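Chemist: Provided below for reference: sequence and predicted model.
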Amino acid sequence: MSSKYNLPRGTYDILPDVSYKWEYIIGVFKNTAKLFNYKEIVTPIFEEADLFERSSGETSDIVQKEMYKFTDKKGRVFALRPEGTAPVVRSFVENNLAASAGIQKLFYTGPMFRYDRPQKGRYRQFYQYGVEAIGSNHPYVDAEVIALFYTFIQKLGLTEFEVQINSVGNAKVAERYDQALIEYFTPHKDELCFDCQTRLTKKPRRLLDCKVKRCREIGQAAPVMLDYLDEECTAHFEQVKTYLNQFKVPYSVNPKIVRGLDYYTHTAFEFLNHKLGAQNAIGAGGRYNGLVEQIGGKSLPGIGFAGGFERLLLSMEEENLFSGEELIPQVYIVAIGEKAQAQVASIISLLRQENISVEYDPEKTSLKAQMKAADKIKSPYALILGDDELERGVVTLKYLQERKQIDLAISDLSSYIKS
RNA sequence: GUGGCUGUAGUUCAAUUGGCAGAGCACAGGAUUGUGGUUCCUGUUGUCGUGGGUUCGAGCCCCAUCAGCCACCCCA
């Protein structure tokens, strides 16, 4: 019970009874991304801390309190990556991927790290999947990214989720809108919660998704971002919606979606599962037209999303979408008698060369124990090797579900099992 | 960083006012010697999260600490 070492807070081990589910989800994601012609990119799990500090914004919680920062032996300051977009864009710029023709369509999976207090669906080391499409401001790309996410979720079989979209405009629009919010909320300043009073000066848009009742009430009549969009932003948003309809992605517009990170522009979207509890976003994303330039590349637009594997897993378990897909060996070897046990390996090796998966447990010697084990792991076949049979060059193959068995020459074995 | 609940066998959970640590499941062995699933019998497993304190005596009370869960916050 009490082992000497414990895993760090907010982390967890993925044990064999769950790892096959992970493999499945990751597989579906990769296949979906490839269906949309996205290519995999793998970046390190740590980067210069400054990369995240500049791109996410100094006021974001990620930067202010959630980063795992450390200094290496030369005094360089690194951080375990808290999110995936900035590293991908860094790699894009550093490797000059802009030089190749067309839009760069990239996907990734891997662990992210945030020093948060753990709770349902929230961990300190958590696993994300995501895509980034860099090099186009066309609304088609916005819709396609959302459609990719939607297709992925559909392939998993999930039904309990909702797609919400919004436009957060461009920098100019955002500035005007923030100003309007400040003007609207300042007269009510004393009624706002403590957090919102600081938000008012730092990040007025954050006021809108405050959960305090009074703040919500006041926010009801607040100016709406969509009314402040200029002509270009509105046109972009409308076209995104048109393409989404063509992709047959059901969505609703939620004008209160805001992004925690500074670099978002235009389209913002969230995939929500309301049955998950407080941490109900299974994925989110948006357009980031200023980010590539900010990180030191050309002025190129981009859009992407990221989602958390843990929350998908929770959602899928909620909807009972896993059937037993754990690895089952095709053949369980039952060796009886010392002679048979002494030469099992040659038969096992024969089968494996034919790509037939085999399990044998040398610790179990009695027939009964081995048959029991064969049954327990649900192996379809038991291959019984007895001293008598081996002398005749024969083995007994038993089809466990039908309780039937036949004697076979060893040379006929693999072809028989395959058919 | 804040709050609430929780921590006992591999696992799920019991243990009355403080008085000999238990059960189901799982696991192992067995029920006429070479045939599994049901059934029956038998058996193994404990740093009671950790460290202090109170007491003749603590799984139970007190303090601290660690961890988990849920929520705030924030987000995936």
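Modeler: Great, that's in hand. If you're wondering where the values come from, they're calculated on a predicted model, not measured in any experiment.

Chemist: Tell me where the stretch 151-300 of chain A has strands.
Modeler: With DSSP state E, counting those that start in this stretch as the criterion, the stretch 151-300 of chain A has strands at A:162-167, A:252-253, A:265-272, A:281-287.

Chemist: before we move on, which element is A:Asn137 in?
Modeler: Under DSSP states H and E, no helix or strand contains A:Asn137.

Chemist: burial measure for the closest residue to it other than its chain neighbours, as a count.
Modeler: Using CB to CB, 6 or more residues apart in numbering and skipping residues adjacent in sequence, the residue nearest A:Asn137 is A:Pro301, 4.0 Å away. Quick note: C-beta positions are derived from backbone N, CA and C, even for glycine. A:Pro301 has 21 neighbours, counted by other CB atoms under 10 Å.

Chemist: before we move on, what about A:Ser252?
Modeler: By other CB under 10 Å, the residues close to A:Ser252 number 9.

Chemist: what does A:Glu238 give?
Modeler: A:Glu238 has 12 neighbours, counted by other CB under 10 Å.

Chemist: picking that back up, in CSV: the strands of the stretch 151-300 of chain A, plus distance to RNA strand B and mean pLDDT.
Modeler: Putting the strands of the stretch 151-300 of chain A into CSV (distance: least, CB to the nearest atom of the strand, whole Å; pLDDT from 0 to 100) gives the following:
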stretch, distance to RNA strand B, mean pLDDT
strand A:162-167, 12, 94
strand A:252-253, 17, 94
strand A:265-272, 7, 93
strand A:281-287, 4, 94
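
Chemist: can you redo those strands as JSON lines with distance to A:Glu183?
Modeler: Converted to JSON lines, the strands of the stretch 151-300 of chain A look like this (distance: least, CB to CB, whole Å):
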{"stretch": "strand A:162-167", "distance to A:Glu183": "21"}
{"stretch": "strand A:252-253", "distance to A:Glu183": "24"}
{"stretch": "strand A:265-272", "distance to A:Glu183": "23"}
{"stretch": "strand A:281-287", "distance to A:Glu183": "26"}
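
Chemist: how about the residue nearest to A:Asn137, what does it touch?
Modeler: Contact analysis of A:Pro301 by CB atoms under 8 Å, 6 or more residues apart in numbering lists A:134-137, A:287-289, A:292.

Chemist: If you rank the residues you listed by neighbours, which is first?
Modeler: Taking other CB under 10 Å as the neighbour criterion, A:Arg287 ranks highest of the contacts of A:Pro301 with 29 neighbours.

Chemist: pretty sure A:Gly135 is in contact with A:Ile103, am I right?
Modeler: Yes: counting by CB atoms under 8 Å, A:Gly135 does reach A:Ile103; the two are 4.3 Å apart.
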